[in-house]
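**Q** Requesting a structural model of the entry that follows:
(2 chains)
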Amino acid sequence: MPQHQHQHRNILEVKGITKEYHLGKTVIEALRGVDFSVRPGDFVSIVGPSGCGKTTLLNIIGCIDKPTAGTVILDGVDVSTFDDDREADTRLAHIGFIFQSFNLVGVLDVRENIEFPLILAKLPKAERKARVDYLVDLVGLSDFVKHKPDELSGGQRQRVAIARALVNKPSLVIADEPTANLDSATSLVIMEAMRRLNEEEKVTFIFSTHNELIERYATRVLCIKDGLITGERRAGAGEVRP
Amino acid sequence: MIVSLALRGAVKHWKRSLVTAGAVAISCAVMLAIGSLLNGVNTSFLDSVIPNSGHIRIDGSGSKKAVNPLGLSSLVVDADGVMERIRGLQDPRITAVEKLLSFGAILVEDRASADPHNLAMRGIGVAPDTRFADNVRFGLVEGSFLPGGEGIAISQAAARLIGVRLGGSILVLVQDRSSQPWYESLKVTGIFRTESKDFDETTFYMAEPKAALMLDASGSAREIRLLLSKSGDAGAVAKAVAAVLPAAATAGSADLRIQTWQEINASIVGLLVFVNVMLGVIVVLFAVVAGTIIANTTLMSVMERLREFGTMRALGLRARELEKLILLEEAFNSLVGALFGMILGSIVVALLMRNGLDLGGMMENLGLSRYNRPKVDVLWYAGCAVTSVIVCLIATGGAARAVGSRSVAESLATAA
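**A** Residues are numbered from 1 along each chain as shown, chains lettered A, B, ... in the order given. Predicted coordinates for the structure are as follows:
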């Protein structure tokens, strides 16, 4: 779905999300009532120490985990009650994922990795080709389309993952610590690429990090600690943008 | 893409694929070899025992209780009349009706000697153009089978024991119906060798009219044999024959016994059923073992690849589609395995066909060849391949469901 159709409402509304894990008789509260919303074009960073619930929150927003309580409204639809198949369809149509460890499919080359979601969406071949060509060019990997993931550097792999996340024109791209496995220089290149896509393609990003240098790229920073959002900082006061 | 993905997955994880394909190949080869052996045993029974015993046998009921099964007191005295009645049925299912006259005899070396070699044997008088005695007629190594109704056909073993060659003479000593001794010098016109040593050392053949003359039993027979176009018709034809026998009985055969090939060979049929069941159990056991190996291998393989599968699901692949992908990958492995299994099985079958499988003297005692040669059936080939693939897919189903039912978050959290 093109981003400009959502200019006047929130893309994402998270209301009272809690998540409990049961380890024997012990109950661990990963999230204890999280509320926030995201508008189209936001470049949101979720920051906090390890184990504070960042990944759990992103998983719930991304329909790959279910909350214990609360609702997640994506593009105006409550997705927190969806069954497995509707969750899969929602992920395919509305959400792009960028993982810390890239998570590319090892047996597919760069082009095929990027094309994979389009095949699941049953797009015609000509449309798939045009879309993949555009994204490969956008992330600067035109010379590597036939390479397998293990023939690429970490930064190149993450750029493939970014292209794959964008290929279905999602409403929201979720990136869980996208630079955690990259060196500092490559991390900045990846963040620049994401910010450029945010500004030029109007792609909405939510990413988690515990790297202060990376968090400074965000237009909004949500601080999370012990399963609760403890504060928010916005760009504009010269505080968060580099 | 899914097909390509499955194929590439199978190639990339080639070690696991090899284990799966190997298990499928071995189970397929075993099924093929055992099935062909079973087919060989069953065919051997139908091809060798039935042509020798006939589909239906009519003999005097007294022969069952006779102390000497080769004695002449229990003959069918009006065998010609009985045969006429049967031919009168004009039943198209009956392809041959013959009488046989078996008797005890001593074969003696026919040359001047102080201590001539001799051998107590069972003689069988048959029509020179008999449809029975396939093992002898097709087992001739020298001469021909009773040419012009003359001479005697003995085995190589008997010829060696007596000390006679083709064209040589043998004295055949018998006791006729009135217990008078009788002998006749007969020329050896045929020397045979069957796969049964026991049969070879105890049995010789001569023309039935000549045997009847020697035994003073013209018109009589030990038994009348019927050959049918289909083995399955034996019961129905036996009933039809029984309906015409009372009239024949008034002509002199008061107590006749009719037996189908299943009744004649009851012990062999029972043994064959047992062998079939036992080999069937072995086949099933192999399939279960192969299935268990495949299930474990697949489960280990998919558990190692949980994050890969979790990623695919995160990108929008449904759980059911993921299960199909895993099944498809294993289907490739099983097809390769089945192909190699058929090749491996064919090699084993070819070796067994060349050398035969020695099933021991027990088979000879039952009138079967001790060397079983497998018989290949195209349908069985296809069945083995399909069964192997199905076993593989069933075994894989559990692993596929285990991955499909796992949450995406859990799969993604797995270490690569």
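
**Q** So what does whichever residue of chain A sits closest to chain B have for phi and psi?
**A** Across chain A, no residue is closer to chain B than A:L92, which sits at 2.7 Å (Cβ to the nearest Cβ). For every residue, glycine as well, the C-beta is placed using N, CA and C. A:L92 has phi and psi values of phi -70, psi -40 when expressed as degrees, to the nearest 10.

**Q** In contact with it: list those residues for me.
**A** With contact taken as Cβ atoms under 8 Å, 6 or more residues apart in numbering or on different chains, A:L92 is in contact with A:P117, A:L120, A:A121, A:N168, B:L315, B:G316.

**Q** Now that the fourth one has come up, it's in contact with A:F116, right?
**A** Same thing as A:N168. No: if you go by Cβ atoms under 8 Å, A:N168 and A:F116 don't touch, sitting 10.0 Å apart.

**Q** What residues does the stretch 251-400 of chain B have near chain A?
**A** B:307-308, B:311-321 (Cβ under 8 Å from any Cβ of the partner chain).

**Q** Tell me the helices and strands packed up against the helix or strand bottoming out on mean pLDDT in chain A.
**A** None of the helices or strands of chain A scores lower by mean pLDDT, DSSP states H and E than helix A:212-215, at a mean of 82. For helix A:212-215, the packing partners by 3 or more Cβ pairs under 8 Å, 6 or more residues apart in numbering or on different chains; DSSP states H and E come out as strand A:43-47, helix A:184-200.

**Q** Spatially nearest residue to B:R305, not counting backbone neighbours?
**A** B:H13 (7.5 Å; Cβ to Cβ, 6 or more residues apart in numbering or on different chains).

**Q** How many residues are close by that neighbour?
**A** 19 (other Cβ atoms under 10 Å in any protein chain shown).

**Q** Now do it against B:G219, distance only.
**A** 80 Å (Cβ to Cβ, to the nearest Å).

**Q** count of neighbours near B:A290?
**A** 27.

**Q** Surely it is within a strand?
**A** No: using DSSP: H, G, I helix; E, B strand; the rest coil, the assignment for B:A290 is helix, not a strand.

**Q** so how far is chain A from it?
**A** Per Cβ to the nearest Cβ, to the nearest Å, B:A290 is found 26 Å from chain A.

**Q** For the nearest residue to that residue once chain neighbours are set aside, give me the pLDDT.
**A** Among residues not flanking B:A290 along the chain, B:S27 sits closest, at 3.6 Å (Cβ to Cβ, 6+ apart). According to the prediction, B:S27 has pLDDT 87.

**Q** So what does B:S27 have for phi and psi?
**A** Dihedral angles (degrees, to the nearest 10) for B:S27: phi -60, psi -40.

**Q** A:K146 too?
**A** Torsion angles, degrees, to the nearest 10, at A:K146: phi -100, psi 0.

**Q** So it is in contact with A:L108, correct?
**A** No: using Cβ under 8 Å, A:K146 makes no contact with A:L108, being 10.9 Å away.

**Q** Those two: which has the busier surroundings?
**A** Counted by other Cβ under 10 Å, A:K146 and A:L108 do not tie: A:L108 has more neighbours, with 19 against 10.

**Q** Chain neighbours aside, what residue packs nearest to that one?
**A** A:F116 (6.7 Å).

**Q** What ranges does chain A have for its strands?
**A** Assigned by DSSP state E, chain A shows strands spanning A:12-23, A:26-38, A:43-47, A:69-74, A:77-78, A:95-98, A:172-176, A:205-209, A:220-225, A:228-234.

**Q** Where does pLDDT dip in chain B?
**A** B:48, B:61-67, B:112-114, B:246-254, B:361-369, B:415-416 (pLDDT under 70).

**Q** mind giving me the domain split of it?
**A** B:2-49+B:268-415, B:53-261 (automatic domain parsing).

**Q** wait, which of the ones you listed is closest to A:I60?
**A** domain B:2-49+B:268-415 (8.7 Å; Cβ to Cβ).

**Q** That closest one: how far from the chain's middle?
**A** 26 Å (Cα atoms, centre = their mean, to the nearest Å).

**Q** if I pick the closest residue to chain A within chain B, what's in contact with it?
**A** For chain B and chain A, the shortest gap (Cβ to the nearest Cβ) falls at B:G316, measuring 2.7 Å. B:G316 makes contact with A:A88, A:D89, A:R91, A:L92, A:A93, A:P117, A:L120, A:A121, A:N168, according to Cβ under 8 Å, 6+ apart.

**Q** Restricted to helices, list these.
**A** A:A88, A:D89, A:R91, A:L92, A:A93, A:P117, A:L120 (DSSP state H).

**Q** what's the spacing between B:I293 and B:V11?
**A** 20 Å.

**Q** Compare the two and say which is more crowded by neighbours.
**A** Ranked by neighbour count (other Cβ under 10 Å), B:I293 and B:V11 place B:I293 first, with 18 against 12.

**Q** Against B:V389, how distant is the closest residue to that one other than its chain neighbours?
**A** The shortest distance from B:I293 to any non-neighbouring residue, by Cβ to Cβ, 6+ apart, is to B:A23 (4.3 Å). B:A23 sits 12 Å away from B:V389, going by Cβ to Cβ.

**Q** Please say which of these two ends up with more neighbours.
**A** B:A23 (28 against 19).

**Q** The residue sitting nearest the centre point of chain A pairs with what?
**A** Nearest residue to the geometric centre of chain A (Cα atoms, centre = their mean): A:I174, 1.1 Å. Beta-bridge partners for A:I174, by DSSP bridges, are A:F97, A:I206.

**Q** my guess is it meets A:R91, correct?
**A** No: with contact defined as Cβ under 8 Å, A:I174 does not count as touching A:R91 (9.7 Å).

**Q** Residues that sit against both of those two, list them.
**A** Between them, A:I174 and A:R91 share the contacting residues A:G62, A:F97, judged by Cβ under 8 Å, 6+ apart.
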